[in-house]
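Trainee: missing the sequence, but the structure's below:
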């Protein structure tokens, strides 16, 4: 540990004296964290993660720390026979394998930094043979899924007791923003009720513990990205600043009960 700290100190001092950039390349652990002493992260100006799933051809360059710029931007690259190629339209890539709409499939209009990105959320709800139903999540926060399930049961009266719940972000993308709440709830309800949402509709919005829906930031950018890819409708919380995008019909709801009743005819 002391060697790594001393070497990193010498390299940063050298970079400052000469006015040049130094790139340190390190390994990551199985948990996805930088291997070795964390002190190196504090010494450097920027920490970049190069992420990717084995089964997918794209890689994501994500800034998790940046002293001189935003730390929530991403770059998307595709592995090709000629090496890494920049993906200028990540939304089209993440939705490229999306077939006809099926129950449990919802398109979420998300934002990574300043870049709007559309991804598909997939949910599966099935009767559980176990006394303790499974809750399996890939690409999202498992604790937030538990919260959404609790709100659906407590505020809307839709139980998931005795049901296994599986949630997947298609394409290996990882989502962290709260605006995915409504899309996750829509995917869960769609899978539970075996009813597919309209094909050309995107969903986004944050759900509070009271069941109220809170507007997501950068609503206009999300809608413009959806319109660019041929979507014609959006389900979102009420309370936006009168945002209108040509070609997109925006259906706004104030709470989760109204959303369930309007979209699934229940609640």
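Mentor: Everything's here; your move. This structure is a prediction, so every number in the text was calculated from the model and none was measured.

Trainee: Could you pull up the mean pLDDT of the longest strand anywhere in the chain?
Mentor: Assignment by DSSP state E gives strand 115-127 as the longest strand of the chain. For strand 115-127, mean pLDDT rounds to 91.

Trainee: What helices and strands are in contact with the helix or strand just after it?
Mentor: Downstream of strand 115-127, the next assigned helix or strand under DSSP states H and E is strand 135-138. Packing contacts for strand 135-138, counted by 3 or more CB pairs under 8 Å, 6 or more residues apart in numbering; DSSP states H and E, involve helix 142-151, strand 163-169. (Glycine included, C-beta is placed from N, CA and C.)

Trainee: Strand partners (parallel or antiparallel) of strand 135-138?
Mentor: strand 163-169 (parallel) (DSSP bridges).

Trainee: next one: the next helix or strand after the partner strand to chain centre, how far?
Mentor: Downstream of strand 163-169, the first helix or strand assigned by DSSP H and E is helix 181-193. For helix 181-193, the gap between its own C-alpha mean and the chain's C-alpha mean amounts to 15 Å (CA atoms, centre = their mean, to the nearest Å).

Trainee: Contacts for the strand or helix carrying residue 4 next, please.
Mentor: Here residue 4 sits within helix 2-18, counting by DSSP H and E. Outside helix 2-18, the residues that touch it by CB atoms under 8 Å, 6 or more residues apart in numbering are 21, 22, 24, 36, 37, 39, 40, 43, 44.

Trainee: switch the cut-off to 10 Å
Mentor: Applying CB atoms under 10 Å, 6 or more residues apart in numbering, the contact partners of helix 2-18 are 20-24, 26, 36-37, 39-45.
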